[in-house]
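**Student:** could you look at this predicted model? Sequence included:
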2 protein chains.
Amino acid sequence: MAESIRVGLLGLGVVGGGVARALRDKAETIAQRVGRPIEVRGVVVRDPSRQRDAEGLAISTDASDVLDDPDVQIVVEMMGGEDPAREYLLRAIRNGKHIVTANKEVMAKHGAEIVAAATERGLEVAFEASVGGGIPVIGPFKLDLLANDISRVTAIINGTTNYIITRMSVGGADFATALREAQDAGYAEADPTNDVEGIDAAYKLAILSTLAFHARVHPDQIYREGITALEPSDFRYAKELGYVIKLLAIGKRDGDALEVRVHPAFVPAGTMLATVDDVYNAVQVEGDLVGRILFYGRGAGAGPTSSAVVADVIDLAQRIVGGQVRPSGAVYTERPTIIRDILCRYYLRLVAADRPGVIAKIAGILGEHEISLASVIQKEDVLTGEHRYAEIVFMTHVAREGAMQRALETIEALDVVSSIGSLIRVED
Amino acid sequence: MAESIRVGLLGLGVVGGGVARALRDKAETIAQRVGRPIEVRGVVVRDPSRQRDAEGLAISTDASDVLDDPDVQIVVEMMGGEDPAREYLLRAIRNGKHIVTANKEVMAKHGAEIVAAATERGLEVAFEASVGGGIPVIGPFKLDLLANDISRVTAIINGTTNYIITRMSVGGADFATALREAQDAGYAEADPTNDVEGIDAAYKLAILSTLAFHARVHPDQIYREGITALEPSDFRYAKELGYVIKLLAIGKRDGDALEVRVHPAFVPAGTMLATVDDVYNAVQVEGDLVGRILFYGRGAGAGPTSSAVVADVIDLAQRIVGGQVRPSGAVYTERPTIIRDILCRYYLRLVAADRPGVIAKIAGILGEHEISLASVIQKEDVLTGEHRYAEIVFMTHVAREGAMQRALETIEALDVVSSIGSLIRVED
């Protein structure tokens, strides 16, 4: 058999273990597709004492055993986190190695730097696994959608929050209970902040938006709201109004600017996005030629993620064999990002004194800010001490975010308003 | 600017017109992405008198103006049909030209021959547009899913029939009315045979299965049933039982063999596939690593199809510029195809005499063939002349197709059975 293609792995956790397994179990098929065998030269781990399915692998805790091994052609990074992953990737590139990475945080924050360093040296950076696990999303943007001007990306891109939301929606659980269920099922970490606050989704949206709009988008530019404030009643009202609630990651072109935001949203029931439940992910893309398309699948886990990592390795290896390495050298446009000026419909739930004229008063304030109402629901009486309160839900017509926020300040200050429950954007 | 990449177009109908428009309107962006401008050297049409948006294009009725022009590097075939498309493509390849084609019939029937001829000469054949319009499906199979063993492909792959079926399902229309609506909306042709008999879907399934299973599948090997026999009552029963009816194209690996079939099927309501309505298409793929993924979008029309064609042109042009042309040279396994031995659940609707013991008799015959019942519905009385008939619906547990067909012969011959209405497979 011909000389092998030599890879080094960084990380042997859930994803790294899955990749090592796939490279071993599918060695014959992969060799057939590449034209040469793929050989794992070494694996770098943090803690060598942890039990691992490491049969036949050269395990080391010293990153230089992979990064500085002149025989390694492709470094596959599956450590996650910003440090030391960024440093390792840049060092691997300086040493002339191609990169395959599943690291959304590093690609979202430092993708531009890493790709530029690689391009300069004629090397490739493949990162299909960084968004949507095994769902092909990076590939389509780089290839199949090239002829399109993309106007919008709408994604359910964090499996943990979608699982929690599905529990709250279907089972009527409150957030704390649903989170615990997700933790018990192994879908949420002990510290769930990254997921439930939308941080993970923002990383992925930064990567998707960069590709979709040929513009550099940093996670810091993304407006972000998590799912911790959602209450069971929001899910009940959503259902009554013909919607489901999803944590959406939205990238939208608005003239020369971009709207990039992660937040819970009302999605019309019966649409493809509304049907995406449990840990599944979906990325919906709207292009001028292709119209609306959607990609769906499991966004995490050993299998799906290693599907994407190994595909990137095979693709790169094929290109190395054929002498057809193809650094990205993408051209980016700088685009400002906006959030205060977005236009959408809103769902507003608040608790107010159960007195005549309250709805009229609130509607009046909304009207002063040029926000008109589509519907109002007043249903449950809430008794607090000697006062009677009512939960009131407003659905607005299309309004400006800035106007809505200003109206809300005024409404919140009203004597008759006890609390603002939720303000959720409606994405039709 | 650098020397252009020169393409020749065959066909300037809906798709060809869309492609010519996109190449013209997006010339600047495309040139930026390719590194050189793309120049349309000539366009071959059948009928030069038809009104066309042909501004600035060199139109000819003589195919050799494109096929034999030594300057043309890529021939883009958008004529459709088997002849003379096959001959033109082979001639273009003999003349050293790369191929981009949207022609499902030619790729389904002669793909192996065409790809082999191209590979022999170091040329590429790109055919993303032949299946699913602008939905990336060919690309993912060739790239993103490479690490997977694919066990199953389940697709809604013909927009015309999905539109008709949606009309019958949502609007309660009968087939003839729904077909007329589809024709009025421009979604069905005057002679709808290719669509409603599942022939078009079988072409696409042949292409998908060839890619998914690394096996050559010819449309003649595909079992095929169209949608013409579906009746409004089937849609009503489906709804009552928690299903929707879809025309599915299914490719399934069963050991060393393949099941490849196109037929109407019961699909559980609320699933992603069941949510695919109107002219939309979806391709669902199950792989050992990636699990279940799905691609969704418009499967036809000038925009979506030209999105795929132009992406193939850009991709090929980038590779020509970089000296990185990459003929497929795929390795195929020969696999037998089967249909009589498939296992699934069935929906059976029949009209029988409204007499005691009829259901028991039919259930008995099914039982003799080791087919057990999941549920029975008897609802509507049908009066024909002096006899009273009842429509009876049986849902079976998993059974063998061969056994079902044999049972059906016996049932049909019963005195008390007036007619077999429908036998529809259930795909969970």
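**Tutor:** Nice, I can see it. Predicted model only: the values in this text are computed from it and were never measured.

**Student:** element containing A:Glu286, please.
**Tutor:** strand A:280-287 (DSSP states H and E).

**Student:** ok, and does the next helix or strand along the chain from that strand reach over to chain B?
**Tutor:** Once the chain leaves strand A:280-287, the next helix or strand it forms, by DSSP H and E, is strand A:291-298. Yes: on the criterion Cβ under 8 Å from any Cβ of the partner chain, strand A:291-298 is in touch with chain B at A:Gly291, A:Arg292, A:Ile293, A:Leu294, A:Phe295, A:Tyr296, A:Gly297, A:Arg298. For every residue, glycine as well, the C-beta is placed using N, CA and C.

**Student:** now render the residues you listed as TSV, adding distance to B:Arg253, neighbour count and pLDDT.
**Tutor:** Shown next, in TSV, are the residues of strand A:291-298 next to chain B (distance: Cβ to Cβ, whole Å; neighbours: other Cβ atoms under 10 Å in any protein chain shown; pLDDT from 0 to 100):
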residue	distance to B:Arg253	neighbour count	pLDDT
A:Gly291	32	19	96
A:Arg292	31	18	97
A:Ile293	26	29	97
A:Leu294	26	24	98
A:Phe295	23	25	97
A:Tyr296	21	25	98
A:Gly297	19	27	97
A:Arg298	20	22	95
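
**Student:** okay, domains of chain A per the record?
**Tutor:** Here the domain assignment for chain A is A:5-133+A:302-322, A:138-298, A:341-426, based on automatic domain parsing.

**Student:** quick one: the first one to chain centroid distance?
**Tutor:** By that I understand domain A:5-133+A:302-322. When distances are taken as Cα atoms, centre = their mean, to the nearest Å, domain A:5-133+A:302-322 is centred 21 Å away from the chain's centroid.

**Student:** pLDDT on that domain, on average?
**Tutor:** For domain A:5-133+A:302-322, mean pLDDT is 94.

**Student:** does that domain come close to chain B?
**Tutor:** Yes: for a cut-off given as Cβ under 8 Å from any Cβ, domain A:5-133+A:302-322 has contacts with chain B, namely A:18, A:22, A:26, A:29-30, A:32-33, A:128, A:133, A:303-304, A:306-308, A:310-311, A:314-315, A:318-319, A:322.

**Student:** list only buried entries from those residues.
**Tutor:** Neighbour-count burial (16 or more other Cβ atoms under 10 Å in any protein chain shown) applied to those gives A:18, A:22, A:26, A:29-30, A:33, A:128, A:133, A:303-304, A:306-308, A:310-311, A:314-315, A:318-319.

**Student:** so which of those residues sit within helices?
**Tutor:** Judged by DSSP state H, those include A:18, A:22, A:29-30, A:33, A:303-304, A:306-308, A:310-311, A:314-315, A:318-319 as members of helices.

**Student:** which one among the residues you listed gets closest to B:Thr210?
**Tutor:** A:Arg33 (15.4 Å; Cβ to Cβ).

**Student:** hmm, A:Val313 and the closest one touching each other?
**Tutor:** No: at 10.7 Å, A:Arg33 does not count as touching A:Val313 under the criterion of Cβ atoms under 8 Å.

**Student:** just the strands in the stretch 101-250 of chain A please.
**Tutor:** Using DSSP state E, counting those that start in this stretch, the strands found in the stretch 101-250 of chain A span residues A:125-126, A:150-156, A:223-224, A:243-254.

**Student:** ok, the closest residue to A:Pro140 other than its chain neighbours - how many residues close by?
**Tutor:** Spatial nearest neighbour of A:Pro140, excluding adjacent residues (Cβ to Cβ, 6 or more residues apart in numbering or on different chains): B:Pro136 at 4.3 Å. Using other Cβ atoms under 10 Å in any protein chain shown, B:Pro136 has 29 other residues around it.

**Student:** kindly report the residues of the stretch 151-300 of chain A close to chain B.
**Tutor:** A:270-272, A:275-276, A:287-298.

**Student:** so A:Gly134 makes contact with B:Leu294?
**Tutor:** No: with contact defined as Cβ under 8 Å, A:Gly134 does not reach B:Leu294; the gap is 11.9 Å.

**Student:** mutual contacts of the two, please.
**Tutor:** A:Gly297 (Cβ atoms under 8 Å, 6 or more residues apart in numbering or on different chains).

**Student:** so what does the strand holding A:Glu286 touch, helix or strand wise?
**Tutor:** Applying 3 or more Cβ pairs under 8 Å, 6 or more residues apart in numbering or on different chains; DSSP states H and E, one finds that strand A:280-287 contacts strand A:150-156, helix A:159-171, strand A:291-298.

**Student:** what's the angle from it to strand A:243-254?
**Tutor:** Angle of strand A:280-287 versus strand A:243-254, following axes from the mean of the first three to the mean of the last three Cα atoms, to 10 degrees, is 40 degrees.

**Student:** dump the domains of chain A into JSON lines; add distance to B:Gly56 as well.
**Tutor:** Output for these, formatted as JSON lines (distance: least, Cβ to Cβ, whole Å):
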{"stretch": "domain A:5-133+A:302-322", "distance to B:Gly56": "35"}
{"stretch": "domain A:138-298", "distance to B:Gly56": "19"}
{"stretch": "domain A:341-426", "distance to B:Gly56": "39"}
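
**Student:** let's have the residues of strand A:291-298 next to chain B in TSV, adding distance to B:Lys246.
**Tutor:** Output for the residues of strand A:291-298 next to chain B, formatted as TSV (distance: Cβ to Cβ, whole Å):
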residue	distance to B:Lys246
A:Gly291	20
A:Arg292	19
A:Ile293	19
A:Leu294	17
A:Phe295	20
A:Tyr296	16
A:Gly297	20
A:Arg298	23
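
**Student:** can you tell me how far A:Pro336 sits from A:Arg425?
**Tutor:** 21 Å (Cβ to Cβ, to the nearest Å).

**Student:** neighbour-wise, which of those two wins?
**Tutor:** Neighbour count, other Cβ under 10 Å: between A:Pro336 and A:Arg425, A:Arg425 has more, with 19 against 11.

**Student:** dihedrals phi and psi, that one?
**Tutor:** Dihedral pair for A:Arg425: phi -70, psi 150, per degrees, to the nearest 10.

**Student:** if I look at it, how far off is chain B?
**Tutor:** Per Cβ to the nearest Cβ, to the nearest Å, A:Arg425 is found 22 Å from chain B.

**Student:** who does that residue bridge with?
**Tutor:** With DSSP bridges as the criterion, A:Arg425 is bridged to A:Ala265, A:Tyr346.

**Student:** A:Ile377 reaches A:Lys239, doesn't it?
**Tutor:** No: if you go by Cβ under 8 Å, A:Ile377 and A:Lys239 don't touch, sitting 12.0 Å apart.

**Student:** is A:Val66 in contact with A:Ser60, as I believe?
**Tutor:** Yes: counting by Cβ under 8 Å, A:Ser60 is a contact partner of A:Val66 at 7.5 Å.

**Student:** out of those two, which sits in the more crowded spot?
**Tutor:** Neighbours were counted for A:Val66 and for A:Ser60 using other Cβ under 10 Å; A:Val66 has more, 26 against 16.

**Student:** so which strand or helix has the more buried one?
**Tutor:** Assigned by DSSP H and E, A:Val66 falls in helix A:64-67.

**Student:** check which element follows that helix along the chain.
**Tutor:** Counting by DSSP H and E, what follows helix A:64-67 is strand A:74-77.
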